[in-house]
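Peer 1: here are the coordinates; sequence isn't available:
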């Protein structure tokens, strides 16, 4: 029997988990900063914070299911993780392009996160294909 789980994918899950903690704290700090420095409309502060916290809530099952699916060589958890990744990408694009104020630091943080999501998704598809065949 051969091992089908992917070490690069597992490493990427770990790195993404660490990066997301940094991303969350930095984005939260920037939202607080923007609300203090700029005339941040109160109607737009809550949705921006809600998107950030929703992303954090989605990140936990996304990484858990991805790790579990990769280590147990099951395609269903990896597929669910891939689906959750699509939702996380949409929320990340919101924070990149449509939040009230977008600073250059927002662009850098979100671009790195989107690249990580893209690389991780490509590896997930490859690993799912290996599990199925």
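Peer 2: Perfect, thanks for sending it. Just so you know, these numbers come straight off a predicted model, no measurement behind them. Numbering: from 1, shown residues only.
Peer 1: Show me the shaky parts of this structure.
Peer 2: 1 (pLDDT under 70).
Peer 1: Just the helices from it, written as ranges.
Peer 2: 7-37, 42-72, 75-93, 104-132 (DSSP state H).
Peer 1: how near is residue 13 to residue 50?
Peer 2: 26 Å (Cβ to Cβ, to the nearest Å). (Glycine included, C-beta is placed from N, CA and C.)
Peer 1: need the helices of the chain in CSV with mean neighbour count, can you?
Peer 2: Shown next, in CSV, are these (neighbours: other Cβ atoms under 10 Å):
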stretch, mean neighbour count
helix 7-37, 15
helix 42-72, 16
helix 75-93, 17
helix 104-132, 15
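Peer 1: what sits against the most centrally placed residue in the chain?
Peer 2: In the chain, the centroid-proximal residue (Cα atoms, centre = their mean) is residue 88; its distance is 5.1 Å. Contact analysis of residue 88 by Cβ atoms under 8 Å, 6 or more residues apart in numbering lists 55, 58, 59, 62, 117.
Peer 1: from those, which is closest to residue 103?
Peer 2: For those, the residue nearest residue 103 by Cβ to Cβ is residue 55; the value is 17.6 Å.
Peer 1: Surely the closest one and residue 94 touch.
Peer 2: No. In this structure, residue 55 is not within contact of residue 94 by Cβ atoms under 8 Å, at 9.1 Å.
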